[in-house]
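Novice: Build me a structure from this.
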Amino acid sequence: MALAWLHKGNHTLRVFKLDFKFYQKTIMRKKLFSIVISGLMLAGSVSCNKILEVEPVTSLPPNVALGTKLGLQAQLNGVYAGLKNGNYYGRDFVAATELMADNMKRVDPATQSGRGSGYDVNSPNYHVNIWANGFKTINDANIVISYVDGVADATEAEKASMKAQALFLRAVVYFDLAKSYGYNPGHQVANFALGVPVLTTPVDDVTKITYPERNTVQECFEQVERDLLESITQFGITGVNASAGEPYRGTRGAAQALLSRLYLYWGSAKLPDAVTQATAAIASGIAVFQPTASYVSMWTLAAKPESFFEVRFATFAEAISTPDNNSIQAWYQQQRTATGGNLGWGDVVIADNFMTQLEAGDIRAGVIIPYTRANGQLVNQTNKFQGTNGSFGWSDVPVIRISEMYLNRAEAYAYQGAAFEAQAQADLNMIRNRAGLPSITPTGQALIDAILKERRIELAFEGQRFFDLTRLGKDIPKETVSPILFTDYRILPPLPVADLQVNKNLIPNPGY
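Specialist: Have a look, this model is predicted:
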């Protein structure tokens, strides 16, 4: 996807150009189809009438470009590509959010490059920034969902598979947007319940631009639920799933896994559903729970056998620009080369408090590397992102793993009371025993606390800790500054200023 600007007079409209590379016998040459994505993406103060005067740049009508299996598959590939953005799973949604929580800290200022600055102390405006890319990706998914039934040269199974994947991906993005820009249901501050606008109709022409209000987080979750349930149904129609070890496409198991996470966030009446979907995901066979002997070595593999879904960086060129400087690994690690130089910056290292959570004998310490920096400072770096595709900084990014399913199920059981504590303990001990730790049998609040501690350790550095704290209404402990209270406005990010200026129906987050 290439960002372009469309000009008319003094008015500027942002559009995204989608390249479809068709076989010569089909189209004869490369065509360019421009998609205008939303009134939210306008730059400048432009009236509605003026917007409608702007002519879209089109050389191929949507019904032609998207009316073939090849064209729609190219569009679907663009949806997957949206997850690779540097503000999203390309880096910040993982590394920056870990720094915003309590798992990570920044190194001595004298030896750092400035990467992660502001996130470590939760400065205003240093937060999740996935709004623009998120809605672009959602619109790309909406286009697939809207056009797929009209693709003449695809079988019904192929149509169902493309629709299922697009629904799954739309759910991924909407869930991430909702949990980032709004409070989790049941933990609103001052009754502020807004999430993000729910848009399910594609904007492929300027006449379709709207100025939507924000839906509530509850309504966003309901949309995510609908998408995932329909995705599961559509995957069922295809009769196939991606095989284990190939987690780069949406699958029925991945949709069930994400649905389990959604229901856990939702809480209350949805907790039995979190158990049901976690169980279904585990049984799907898409991801394989690794034994003790394979756990540490799993992180040296390009595709993690535990992953239901990963964001795939198929080529070095797809990785975030200059991966040795700006990738997740470059933030998390510094490595000395044979010539005495450095790869990466390693500005973001493991917090001391996290290290105290590890029990003696925990094999997960094997993904932690002690490292001495040039000034003699000894730090602990994570090795979960280690350039497994062949070069420093070039790694695929796990989005959801099977270990989380046991933790989701354990937590959901524990919240349902004493009648389910034995099941919760069994799932908790699946994770502990695999880590080389003995079984424990806490009850009540001690059981919940033990599950949350295990979740912190097991999913550390993967971009979940900040959201695990905020979904439960907890303060954010910090190592170098005072805790960030859950009532502090900095728990939520600001909405983009340009969107607020153009769309007067958007209500900003409190404090901004």
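Novice: any idea which helix or strand carries Lys504?
Specialist: Following DSSP states H and E, one finds Lys504 outside all helices and strands.
Novice: any chance you could map the strands in this protein?
Specialist: Here the chain has its strands, by DSSP state E, at 2-8, 11-20, 31-35, 104-106, 307-311, 335-336, 342-343, 348-350, 368-372, 378-382, 397-401.
Novice: Can you show me the CA trace of the fifth one as CSV?
Specialist: Below are the C-alpha coordinates for strand 307-311, written out as CSV (Å, rounded to 0.1, in the frame of the first residue of the first chain):
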residue,chain,number,x,y,z
SER,A,307,1.6,-19.8,17.4
PHE,A,308,-1.9,-19.7,16.2
PHE,A,309,-1.1,-16.5,14.3
GLU,A,310,2.0,-14.6,13.5
VAL,A,311,2.7,-11.5,11.5
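Novice: shift numbering so it begins at 832
Specialist: In the new count, where the first residue is 832, that last one comes out as strand 1138-1142.
Novice: neighbouring strands for it, and are they parallel or not?
Specialist: Sheet pairing here is set by DSSP bridges, and for strand 1138-1142 it gives strand 1228-1232 (antiparallel).
Novice: Next one: Leu1290 relative to Ala1133, how far apart?
Specialist: 20 Å (CB to CB, to the nearest Å). C-beta coordinates here come from the backbone N, C-alpha and C atoms, glycine included.
Novice: Those two - which one has more neighbours?
Specialist: Set side by side, Leu1290 and Ala1133 show more neighbours around Leu1290, with 19 against 15, by other CB atoms under 10 Å.
Novice: Give me the nearest residue to that one, chain neighbours excluded.
Specialist: Glu1235 (6.3 Å; CB to CB, 6 or more residues apart in numbering).
Novice: Ok, Pro1136 next?
Specialist: Per CB to CB, 6+ apart, closest to Pro1136 is Val1119, 4.7 Å.
Novice: neighbours around that neighbour, how many?
Specialist: Residues near Val1119, counting by other CB under 10 Å: 16.
Novice: thought it was touching Ala1134?
Specialist: No - here Val1119 does not reach Ala1134: they are 11.2 Å apart, not a contact under CB atoms under 8 Å.
Novice: show me the contacts for Val1230.
Specialist: Contact criterion CB atoms under 8 Å, 6 or more residues apart in numbering gives 914, 920, 1003, 1138-1142 as the residues in contact with Val1230.
Novice: just for the stretch 832-981 of the chain, where's the confidence low?
Specialist: Filtered on pLDDT under 70, the stretch 832-981 of the chain yields the residue ranges 832-895, 941.
Novice: please redo it, this time with the cut-off set to 80
Specialist: 832-896, 939-943 (pLDDT under 80).
Novice: which residues in it form helices?
Specialist: 855-858, 879-884, 893-896, 900-913, 923-931, 962-978 (DSSP state H, counting those that start in this stretch).
Novice: Mind putting those into JSON lines with distance to Thr1064?
Specialist: Below are these laid out as JSON lines (distance: least, CB to CB, whole Å):
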{"stretch": "helix 855-858", "distance to Thr1064": "31"}
{"stretch": "helix 879-884", "distance to Thr1064": "37"}
{"stretch": "helix 893-896", "distance to Thr1064": "26"}
{"stretch": "helix 900-913", "distance to Thr1064": "18"}
{"stretch": "helix 923-931", "distance to Thr1064": "28"}
{"stretch": "helix 962-978", "distance to Thr1064": "13"}
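Novice: Including distance to Asp1178 and mean neighbour count, could those helices go into TSV?
Specialist: Converted to TSV, the helices of the stretch 832-981 of the chain look like this (distance: least, CB to CB, whole Å; neighbours: other CB atoms under 10 Å):
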stretch	distance to Asp1178	mean neighbour count
helix 855-858	47	10
helix 879-884	42	12
helix 893-896	43	17
helix 900-913	27	20
helix 923-931	9	27
helix 962-978	24	24
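Novice: Low-confidence stretches in the stretch 1082-1231 of the chain?
Specialist: 1146-1156, 1220-1221.
Novice: got the angle for the lengthiest helix in the chain vs helix 962-978?
Specialist: With secondary structure taken from DSSP state H, the chain has its longest helix at helix 987-1012. Angle between the axes of helix 987-1012 and helix 962-978 is 160 degrees (criterion: axes from the mean of the first three to the mean of the last three CA atoms, to 10 degrees).
Novice: name the helices or strands packed onto helix 987-1012?
Specialist: Using 3 or more CB pairs under 8 Å, 6 or more residues apart in numbering; DSSP states H and E, the elements in contact with helix 987-1012 are helix 900-913, helix 962-978, helix 1048-1069, helix 1083-1097, helix 1296-1302.
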